Every structure is written in C-alpha cells, then in structure tokens.
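In: Curious how this folds, go ahead:
(one chain, ligands or ions: 1)
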Amino acid sequence: MARFIFITGGVVSSLGKGLASAALGALLQARGYSVRLRKLDPYLNVDPGTMSPFEHGEVFVTDDGAETDLDLGHYERFTGVPARRTDSVSSGRIYSNVLEKERRGDYLGKTIQVIPHVTNEIKDFLRIGEDEVDFMLCEIGGTVGDIEGLPFFEAIRQFGQDKPRGQCIYMHLTLLPYLAASGELKTKPTQHSVKELRAIGIAPDVLVCRSEGPIPQKEREKLALFCNVRPEAVIAAQDLRSIYEAPLAYHREGLDQAVLDAFQISPAPRPNLAKWEDVVDRIMNPEGEVHIAIVGKYTQLGDAYKSIAEALTHGGIANRVRVRAEWLDSELFEKTGDVASHLEGYDAILVPGGFGERGTEGKIKAAQFARERKVPYLGICLGMQLAVIEASRNLAGLTDAGSEEFDHEKGERRFTPVIYHLKEWLEGNRTVQRSVADDKGGTMRLGAYDAILAAGSQVSGIYGTLTISERHRHRYEVDIAYRERLESCGLRFSGLSPDGRLPEIVEIPGHPWFIGVQYHPELKSKPFAPHPLFADFIRAALEQSRLF
Ligand code: GLN
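Out: Predicted structure coming up:
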C-alpha cells in the first residue's frame, strides 16, 4: 500500500511545484523506493488536449495516448517512470464522470453534491494503482484558496483521514519574497497561506519555501513556529542554474529526510545520487557549445515546446556540450525570402511539430536550406511533413505539393496532398476510424506506436535496434504512395508502421544528418538517458561546428 505525499502551493503560482514534486520523486527513488507522480488540475477543461499551448504550455502525450499536463513531462524526465492516462485529472474530468454516473442512475436518486460525490470521485482517482508503488506523489494544481481547487483540497484532507495514521503527508510550497529596501525575507505571505490551508483542515508536514537566497536561521524558526512545522521541515528552495540541480539541491536542504521523518521511517535508507551527480557535472562543466536554430511560429515559444528544449539539453549532456537553442520565427524569412542570412552560422536546424498553415512556407525553406547546405536537420511531426513537401516540390518535381491540413483550413483544394488526412489505422490489432469532421481534441493518432526501421539505415544505427516504440500526436500522414517517387530522388523511407502503410521516418542518405520523424522523440528523453536521436543530432551539430 502506497504512502501518499500531497503537494500544494500558496502565495503565487508558477513556484515550481511540478519540479519540486519531480525532484522529490527522484530522491525517493535514489533511496530505493518506487514512486508514481500524479497531477490534479482544478480547471474545468476535461483534458488539456484542446487548451492553447501558448496559454497552458505543451501538451504532454503518454504511451497510452492521453493528452496531459506538461508537468507529467517533468515527472517522467526526473523519475523515468512512464506516465499513464490515470496520472492526470482535471475538475472537468471529475465532474463529467460524476454527471455521467448521475445520468446512468448510479446514485440511486440521491441529491448529487460536491461532498461526498465529487470528493469521492477524486478519492477513487487517487486510489488507482495504490498497491503498485511505495510512494504516490500527488500535486494539486493552482494555489490554496482558488475556488475551483476547493473540492481537491477537501478530498485530500478526507483521504488522510480515511487512511491509517501516518500514511499521508502534506507538503506546501510557498514564496518568501525579499524586500531589498529593508534587506529582509518576508514570511508573512507564507504564514497566511498556511493559515488558509489549516482553515480547510490540512496541516502541512513539510514547508518548501522558494527564495532568492538562503533562509537565515531566525526566519526558519519563525516560519516553523507560526506555521506549526518542525524547523528541519522548513526547506529552502533557492533559484538554480539548471533544473537538473534540483534533486541534489533539495537533498542538501534535507527535503527527502524531512519527508521520511514525517512518515517516521527510521532508519532511512541511504540515498545513491551518483546518477544526478553525473548529470549535473556534465551540465556545469561542458567541453564545448553548439548553436541550434529551432524554426517555429513566433508565438510558439517557451513552454509550448518544453520537451524539445529539455531533449536538446539532454543531447548536450550526452555529448558534454552546452546547447544554445534559439527560436526563430519562420515568418521572418517568409517575408524577405532570405533564409540564409537567418540560418547561416547555426550548427543544426530543428523544425518542431505544429498545427495549421501559418509559417509553414518559411519552415519549408528552412528544410531546403538544411538539405542543400548539408546542415544537420531534425524534423519532428509537422517538421517531417514539411521536409517531405520540400523534397516533393524541389526534388520530385511536384511543384504544388502540400498538406491536406492546409487545404482543409482554407476550405479549398490548392495542393497535391503528399500529406493526407489519415482516417483509418491499426492500433495493435484494432482498426481505428476517424472522419474529416473529427477535428477536436482526442481525435488524433495518439500515444505509443511501434515502427520498424530499415536495416542499414542511419536511424537503425542511431537506435541500435530495428523495432522502436514512440509517441504520436497528429492527424495527417505522409502518403506512402509517393514513396517510390521520392526515394528515386534521394529520400529514404527508413521507418514504417508495422503494416508498412505509414511512413514514420525519412532520411537523406549522403547528407550528414537529415532525419524527419512523424512521432515525438522529445517526449521520451531523460537527462540520465538522453534520447538516441537527440544525442546523435547534437553529436552531428558538434561535428558541423568544427567545420567552421
Ligand atoms: N499538424 C500535423 C498533423 O496533425 C502535425 C502535428 C504535429 O506536429 N504534432 O498531422
């Protein structure tokens, strides 16, 4: 039976609760425990699949095909435990389950209320797979006091009472603002936040305080006294140079010890942090640097491509180099047509996934530049589709090649669709069907699918195997009908779905490194196990940098 750690936040949002949860998970693993991390989000969307990535950050896709919160990406990157559909839930999902049950008559005519019906639904969610691990870490999104969050806080309070004493603890993350004028760290917002938490019946066992600098002993004691926690359980979380320092930094501050103490686990097993020491050593002491251009839409910056930014860092870790990634707006050179002046000087070019036509002509130019100038190119999902369009237009003579996606958007036929809308495919032995009208969340080819790599291809060498499993999130697909035509002009379809119908990978033999993949390799990369494609892409970029 798992022990539960509930992680809440107060004072302000964006304090790095997800990161703190993930780092704690990694520290418990380092002491030999098994863990699973979960996110409970108070918003009313049923899942983040339809939420704008610019508002909410990247949609992280799990092996079992769920579109989830980007925090699940952090969890996976720190613990290596593949997230599942049942590791993320929103108020929307909880309410929709409750209402579905009500319509079915499951509640036998009772009046449906937040307590107990909604809270019971949340608690049922928390119990899923509780026998599988030593520790279940459950992060509650938002901050204490938010209206939507209340049912979650009430549910975790009840949960602690339902379980035997000592099986659940509460960890609260707050901010200690520094007032330069008086030279003080202020504890009052934290006191108020804890007061709010206690008013709804939750007394935190561990307090994690974000602050710019160390917490002086005096403030630590004050926090302990006023917030009713032990002084050793007041953990300072200072700003870090790299997120991957978090496990070691939290360990130095005594977070894992405080958590084990709260569970009264004694003696605590000793931690083995060698893996994290190596990762941090590689990040802090790089032996070189590469410059990567990520060509996207101007608005798609930052968190919208969190996993790609992290996977590039992991590629750097593998090669002991610092990766300087710069985001370029493809519309920049769409207007001027002058791709070279923007892309010259980069050691490699990455075109990430995306939706919609805007900006694609510029990305196609970037693919052409990379192909012709022999600059390493990694095309992911849309980035692969655009590389195929580029080759179709400029190598295979299909000058009007394009994607059905763009025609659908405009409502008119303008392109020869080398990329078409996929309406039927195999998921294991099951046939999945979709219609053109299915264009909202959850209707894509989602989650892990196998691909078979061609023996002797560049990718088979990189992966070191001929069967891979990678995560997908797309509606459109390269049309295999163009294979022969494109292969006769120099492209190689080096990875296919097991039934041979769906192109998964294209590469250009003779080019130093030109690979397009229909899936999202970035979702499976970890700092201690960099994804082979990203590791080799950065290696190729390093080689390219030495040519100058
Ligand atoms: N828009 C493309 C599709 O739906 C690519 C999606 C992506 O890049 N994730 O197929």
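
In: Quick one: find the helix or strand in this protein with the lowest mean pLDDT.
Out: Least confident helix or strand of the chain, by mean pLDDT, DSSP states H and E, is helix 53-56 with a mean of 67.

In: Now the element after that helix, going C-ward?
Out: Following helix 53-56 in sequence order, the next helix or strand is strand 60-61 (DSSP states H and E).

In: Is that following strand in proximity to the ligand?
Out: No: judged by Cβ under 6 Å from any ligand atom, strand 60-61 and the ligand are separated, with a smallest distance of 9.1 Å. Yep, even glycine has a C-beta here, placed from its N, CA and C like the rest.

In: where in the protein is pLDDT low?
Out: Residue ranges of the chain with pLDDT under 70: 52-54, 298-302, 435-442, 548.

In: Around the ligand, pick out the residues from it.
Out: So the chain meets the ligand at 353-355, 381-382, 405, 473-476 (Cβ under 6 Å from any ligand atom).

In: hmm, try it at 5 Å
Out: Contact residues (Cβ under 5 Å from any ligand atom) of the chain with the ligand: 353, 355, 381-382, 473-476.

In: Compare those and tell me which is most surrounded.
Out: residue 382 (25 neighbours; other Cβ atoms under 10 Å).

In: circling back to that earlier point, and the residues of the chain next to the ligand, which is closest to residue 495?
Out: residue 381 (13.6 Å; Cβ to Cβ).

In: Give the bridge partners for the closest residue to residue 371 other than its chain neighbours, please.
Out: Spatial nearest neighbour of residue 371, chain neighbours left out: residue 514 (6.0 Å); criterion: Cβ to Cβ, 6 or more residues apart in numbering. For residue 514, the beta-bridge partners under DSSP bridges are residue 377.

In: Let me know whether residue 514 touches residue 505 as I believe.
Out: No: between residue 514 and residue 505 there is no contact under Cβ atoms under 8 Å: 11.1 Å.

In: so where do the strands sit in the stretch 101-250 of the chain?
Out: 135-140, 168-175, 178-179, 184-185, 206-211, 234-238 (DSSP state E, counting those that start in this stretch).

In: What are the boundaries of the helices in the stretch 51-200 of the chain?
Out: Remark: helices assigned in the stretch 51-200 of the chain by DSSP state H, counting those that start in this stretch are 53-56, 71-79, 91-104, 119-127, 150-162, 188-199.

In: any idea which of those is most buried?
Out: Highest mean neighbour count of the helices of the stretch 51-200 of the chain: helix 71-79, a mean of 26 (counted as mean count of other Cβ atoms under 10 Å).

In: Export that one to PDB, keeping only CA atoms.
Out: Backbone C-alpha positions of helix 71-79 (Å, rounded to 0.1, in the frame of the first residue of the first chain) are rendered in PDB as follows:
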ATOM      1  CA  ASP A  71       4.100  18.600 -15.500                       C
ATOM      2  CA  LEU A  72       3.800  15.000 -16.400                       C
ATOM      3  CA  GLY A  73       6.800  15.600 -18.700                       C
ATOM      4  CA  HIS A  74       8.800  16.800 -15.700                       C
ATOM      5  CA  TYR A  75       7.800  13.800 -13.700                       C
ATOM      6  CA  GLU A  76       9.000  11.400 -16.400                       C
ATOM      7  CA  ARG A  77      12.200  13.300 -17.000                       C
ATOM      8  CA  PHE A  78      13.100  13.100 -13.400                       C
ATOM      9  CA  THR A  79      11.900   9.600 -12.500                       C
END
